[in-house]
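**Q** Give me the fold of what follows.
(3 chains)
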Amino acid sequence: MATVMTDRAEVRVLRPDSAREAVTLARQHGGTYVAGATWLQPSCERGRNWPPFFIALDARWPGFRGLQESHQGLTIGALTTLDTLSHHPLMKEYLPCLTGRNGLMNLLAGPGVRRLGTLGGNLMAGGDLTALAFALDARIQLVGDDDPRGDRLVWRYPDLKSTDLISALVIPDCRRWRVAVEKLGHRERFSPTRATIACVYDGNRFRMAVCGEGGPGRLEISEAALNDGAASSTTTADWYQALDAELEGLGWHDARLRLAIRRVLVHQHEELSDGD
Amino acid sequence: MNDTISFKLNGETIACPVSGAGTLLDLLRDTARLTSARPGCRIGRCGACTVLLDGEAVPACLVMTWQLAGRQVETVEGLQDDQDFLVVRDALARESALQCGYCTPGFAVSLVSGIRHQRSGQETDLGEAIAGNLCRCTGYGGLSRAIQRLTDSCCREDAAAGNDNDFSGD
Amino acid sequence: MATETPDRVGTLAMATEPEHGPAKDLYRRIDGQLDYPTDLLDTPGLLHGAILRSAHAHARLIRVDVSRALTMPGVHAVVTAEDVPGLNRFGIVVRDQPVFCEERVRFEGDAIAAVAADSRAEARAAMAAIDVEYEPLPPVTEAVTADRQPPLHDGGNLIAQEVLDRGDLEAAFARCSFIVENEYRTPRQMHAFMETEGGVAIPDADGGMTFRVGCQSGHRDVEQLADILGLETEKVTVEAMATGGAFGGKDELTIQPAAGILALKTGRPVMIHLDRFESCLAGIKRHPVSVRMTTGCDAEGRILAHQVEAVLDTGAYASLGPAVLENFLDHATAPLYRIEAYRVFGRLVYTNNGLCGAFRGFGGNQATFAVESQMDALAEKLGMCPQDFRRTNLRSLGDTGSRDQRVRWTASPAEVLGLAAASPLWRWQEDVGGRWLQGTGMAMGSQGNGLGDGLPDSGGGRICLTSEGRFRIEFGFADYGQNISDAISRMVCQGLECHPDDVNVVLGRSKGPDSGPTSASRSSVLVHSVLSRALPQLKAALCQRASELTGLAQEALSPGPGGIFYRQEKVLDYRELAGNTVAGDLVVDADLDFPVAPDQGQPVGRYLQLLIATVARVEVDRLSGRVKVVDLHHITAAGKVIYPAGYLGQIEGAAVMGLGMALTEDMPMQDGCYQADNLDQYLIPTFQDAPTQRVDVLDDTADDDPFPVRGVGELGIEAVAPAITAAIEAATGVRVNRLPVSPGDLLAEMEARESSQ
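**A** As a prediction, the model looks like this:
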């Protein structure tokens, strides 16, 4: 958008009655969706650069808040707060690595921000949960059935338009899977991520993904090398090279951070393979 | 679209005009003249403006006034008779858990929320409750001792009340 | 190894509660009832100011047009360099910083104009409507080469250079069996006080101006502000309010000049409160230091020669840079150790980088990081235990200081070392192995009290009985959270045996006594000296007057809670006593000429010395190179502890600040532009990053020491960083010489060592 406001008081907040109306407004006005706005507000404050319109999303819209089990797995409304995720019994069941004192959720922002921030916001901002969503092959539901991609879209950033509105994240039934997720931050709590690394083993195949300073991405080449036997294990030089090249290609230009990611993945792979 | 909303501030219903994406923090300080919430960063990263929103500790600088309709906001000015606040306040003072004190109301609010969650069993570690509050003076030593004091007294109360909560963590 | 005199060593704990309970002031702070200067939003007629900062790190200022801004809604005044009534310059040491730039901007935070409006939003909007035309100039960004770049000020970019030397260095090096040479770098650390710079300027009907601001030296500020505002000093008042942290970062003037000029122009009170973004941009930081140290010893481990070359980047204006350079050099002589010959050389340069000035430690801890690292490097080269190496070289109680000045310690350095060597942190409970590598390391530091190096340094205080019957104690210090007011109150209660309710401590008013700056850890020394003289005098005066009023014998009377007592019975309350006494009769002024040096003629170095040894235990993540500091154990020798909570808080707080400097804190610059602008990018430790700490106090102060109480505000930061890097080396084998420790660099080094093994 060409127009920007220098003061937040000048922003017009549009309050649609439904998710469909929100999408219509966004297409008409080019507005910015607002949920918890814990990521959006800091970036606007930083540049004194406010969009002319906010389109307010409402957690009361059907399906936008809460967790629900179905044959597809676990559906999580996009406006579910991060705080809810850290305490929800279904999360403890499906993804215990997120909960508990040293679970990923406690490393994600501070407690006050988690109470405002939402799952959808974290995914849109490329936050810590994107690596996990990638590695789990989670899918997102978009609002609007006129969208030919419908709700069967596998998560992919380049496919998203700014007017696309996520209503929910659907994760497969991962209760029997092994899941490891690691955040490399600058300090113990409330740190921006240098790299968040997720590794998932469904009993058959490994899936790996990262997000952080180099941007989010699924490590398809590296995991294929492992799964299809091209590399016998993560400790071989071949696999190191494949991973390093793949990370660099994704945008991870700091070799030292690639080294850390590699070490974490080797560690996670060993952990998840244990007992097999 | 920009209209008036009403919400409860420290127990009193107030109505105020919504100005764009203006924040609860500015409303508290500039309009309500409640200055215990302090603008340490204005981007939710220091915790100095922490208030209770529907009983949960949140940074007031990330709450926009239009989001307040029908909700309840409490600051330390409104918690002066609250039993949980008084317990927190006493622990902070007795352990000298503050120096300049600018950030302290924010810590107090987070701890009030924390001991309530501790009681309900949702989160047992008070250290996690203040993970989003920054203090630059104390090095957190006094805060650590205050938390120990709060946890001890909480356990004592529980024992006295015959509760058998397990505080060993989850 | 353990101390032979354990009764002189005490572990500070909060177990004993103060007699009268926590200070009332603490409750006011917790309740949010204590107003900080930026909370004064209720000031009648208040306008809000905003300062326009430069868009470039270095540029010629071609044109500043405020005409559009003046027509903006809510605007009352827009001021530029032309509107400065007096001197358009300030600076504690050198007045080289313009209030508003004239023909040139020299850093990103340089002020060009200011606006006063009805609201902050209106002030900001008007600020955006000021048209400024720049002609950008190439910025000077490399401190090392700055003095060969185009000059930023008349006289060039080299502000100061100084050499401290002793003995024949070449000859001493020639006799060395082992020599280590290393380069060290320390970061541009930000104070990150929670209350950003701000306050109110309030004009009065007589053309005077009162400032209610966060600051550190009201009296000194008055002089600078009077010159800027073109007023006589009597017309300017500074009331240093309770301040939300300072740590040196509010020693220099911040918003006062702009707020004062706007208030003069509008005739109304003006508040300026920098937001965090602006505070990061315009605020003072710690001087980044690049230093090369070459140190040599003989085969037995006796240090013979020590050479230092350092550059300190002060940024666009000097601020306290020259004094920081001096303190850096003093600490770079390695004052704890006997060294036959040294040559310590340092330069302070101007660049177009952000401003640097006073910051807790004041150059000293930067030097100590390098010095202590050199000690470990030499010990390693000799194959000697670092503690034994230190023990070989430590000064003894009777020795002179590194600059041949007389020195007063409060304990023997070797004994402090012995306690550190006996720390439980050297023993690991369990060898966890696996992911986390564990290590323990230590470092020592010494630090002086007082401004030092011959700078005039004096201060006073006043105590009186007011007509309300309370003791008012006035000092010129500012209270920014160092618990000084509580400490004073306790001393008065002890001295007069009265109740805290009888005491009213008033700090930081420029109309009160001049106590000198709130810096250099000097307040406690001053307070204790002043009160130990003033309290007996006042006590005698009280009893004499009470005796006159009651007819009872003066010797049988004594002050107590609420009034004067005779045989355990209150016979006269303070209000009556005051009411029956001529105002001004019960006042005692006392002051102190700070012991710059007891020997006239050679006032160099610091006379009053404090000691610390810090033992650090760390864990290093084998996967990522990230460092966790698990424990810190400090052994301090800094005189008597008069207020345990305050002492403990100062050591713990300074140590965590030093931990931040060691591990995460830096304000990197690129082409003169800051690369971080708020607390989501500049990361200070959280509660979860803070280690478990223990503070043991060794007090062996000589009976004849005239200053048995020392200030500990800066001691805790002195040795933390080198203790942490020593512990990292113990864990990983990698020594880090550049702060903050980069996990990436550390990991790469760890990987290189693993693959070479």
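**Q** In contact with C:Leu152: list those residues for me.
**A** Residues near C:Leu152 by Cβ atoms under 8 Å, 6 or more residues apart in numbering or on different chains: C:His58, C:Arg106, C:Val140, C:Ala316, C:Tyr350, C:Thr351, C:Asn352. The C-beta positions use only the backbone N, C-alpha and C, and glycine is treated the same way.
**Q** ugh, wrong one, C:Arg626
**A** A:Leu184, A:Gly185, A:His186, C:Val620, C:Pro743.
**Q** if we can go back for a sec, which pair in the contacts of C:Leu152 has the greatest spatial separation?
**A** Greatest spatial distance among the contacts of C:Leu152 (Cβ to Cβ): C:His58 and C:Tyr350, at 11.0 Å.
**Q** Need the overlap of contacts for those two.
**A** C:Arg106, C:Val140, C:Leu152.
**Q** tell me, how many neighbours does the first one end up with?
**A** Spelled out, it's C:Arg106. Other residues near C:Arg106 come to 29 when the count uses other Cβ atoms under 10 Å in any protein chain shown.
**Q** Check C:Tyr480 too.
**A** Using other Cβ under 10 Å: C:Tyr480 sits among 29 other residues.
**Q** How about A:Thr24?
**A** Number of residues near A:Thr24 (other Cβ under 10 Å) recorded here: 15.
**Q** per-residue confidence for it?
**A** A:Thr24 carries a pLDDT value of 92.
**Q** Need phi/psi at it.
**A** phi -60, psi -50 (degrees, to the nearest 10).
**Q** Who has more neighbours out of C:His58 and C:Tyr350?
**A** Per other Cβ under 10 Å, whichever of C:His58 and C:Tyr350 has more neighbours is C:Tyr350, with 28 against 25.
**Q** what residues are up against the more buried one?
**A** C:Tyr350 neighbours (Cβ under 8 Å, 6+ apart): C:106, C:140, C:146, C:151-153, C:157-159, C:314-318.
**Q** ok, it to chain B distance?
**A** Distance, C:Tyr350 to chain B, by Cβ to the nearest Cβ, to the nearest Å: 29 Å.
**Q** For that residue, which residues count as its bridge partners?
**A** C:Gly315 (DSSP bridges).
**Q** can you tell me how far it sits from C:Gln693?
**A** 39 Å (Cβ to Cβ, to the nearest Å).
**Q** Please parse the chain into its domains.
**A** All of this refers to chain A. Per automatic domain parsing, the structural domains of chain A span A:8-56, A:67-171, A:178-273.
**Q** try again with chain B
**A** According to automatic domain parsing, the domains of chain B span B:4-75, B:83-160.
**Q** Just put the shared contacts of C:His58 and C:Tyr350 in CSV and tack on secondary structure and pLDDT.
**A** As requested, the shared contacts of C:His58 and C:Tyr350 are arranged in CSV below (DSSP: H, G, I helix; E, B strand; the rest coil; pLDDT from 0 to 100):
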residue, secondary structure, pLDDT
C:Arg106, coil, 98
C:Val140, coil, 98
C:Leu152, coil, 97
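**Q** Report the contact partners of residue 11.
**A** Since no chain was named, I'll use chain A. A:Val11 neighbours (Cβ under 8 Å, 6+ apart): A:Met5, A:Trp50, A:Pro51, A:Pro52, A:Phe53, A:Phe54, B:Gly20, B:Ala21.
**Q** um, chain B though
**A** B:Glu74, B:Gly78 are the contacts of B:Gly11 under Cβ under 8 Å, 6+ apart.
**Q** Apply 10 Å and report the result again.
**A** B:Gln72, B:Val73, B:Glu74, B:Gly78 (Cβ atoms under 10 Å, 6 or more residues apart in numbering or on different chains).
**Q** Return the set of buried residues in stretch C:502-517.
**A** Using 16 or more other Cβ atoms under 10 Å in any protein chain shown as the test for burial, stretch C:502-517 gives C:502-510, C:512-517.
**Q** what ranges do the strands span in the chain?
**A** Went with chain A since none was named. All strands of chain A, identified by DSSP state E, fall at A:12-14, A:32-34, A:53-56, A:67-70, A:73-77, A:139-142, A:166-171, A:178-185, A:193-201, A:206-212, A:217-218.
**Q** Chain B is the one I meant
**A** B:4-9, B:12-17, B:50-53, B:56-59, B:72-74.
**Q** Output the longest helix belonging to the chain.
**A** I went with chain A, as the question did not name one. helix A:255-273 (DSSP state H).
**Q** my bad, chain B
**A** For chain B, the longest helix by residue count, based on DSSP H, is helix B:141-160.
**Q** anything in that helix near chain C?
**A** Yes. Looking at helix B:141-160 against chain C by Cβ under 10 Å from any Cβ of the partner chain, the contacts come from B:Gly141, B:Gly142, B:Leu143, B:Ser144, B:Arg145, B:Ala146, B:Ile147, B:Arg149.
**Q** Could you report the pLDDT at the closest residue to B:Thr35 other than its chain neighbours?
**A** Spatially, and ignoring its direct neighbours in sequence, B:Thr35 is nearest to C:Asp39 (4.0 Å; Cβ to Cβ, 6 or more residues apart in numbering or on different chains). pLDDT for C:Asp39: 97.
**Q** now A:Leu272
**A** 94.
**Q** returning to that earlier point: from the residues of helix B:141-160 next to chain C, which is closest to C:Thr636?
**A** B:Gly141 (14.2 Å).
**Q** if I look at that closest one, how far off is C:Leu623?
**A** From B:Gly141 to C:Leu623 the distance is 30 Å (Cβ to Cβ).
**Q** and what of C:Arg406?
**A** C:Arg406 is 53 Å from C:Leu623, by Cβ to Cβ.
**Q** Neighbour count: the two, which is higher?
**A** Neighbours around C:Arg406 and C:Leu623, counted as other Cβ under 10 Å, are more numerous at C:Leu623. The numbers are 22 against 14.
**Q** Just list the residues touching the more buried one, thanks.
**A** A:182, A:184, A:197, A:259-268, C:435-436, C:747.
**Q** tell me the SS of it?
**A** coil (DSSP: H, G, I helix; E, B strand; the rest coil).
**Q** which helices and strands does the least confident helix or strand in chain A by mean pLDDT pack with?
**A** The helix or strand of chain A with the poorest confidence is strand A:139-142; it has a mean of 86 (mean pLDDT, DSSP states H and E). When contacts are defined as 3 or more Cβ pairs under 10 Å, 6 or more residues apart in numbering or on different chains; DSSP states H and E, strand A:139-142 sits against strand A:73-77, strand A:166-171.
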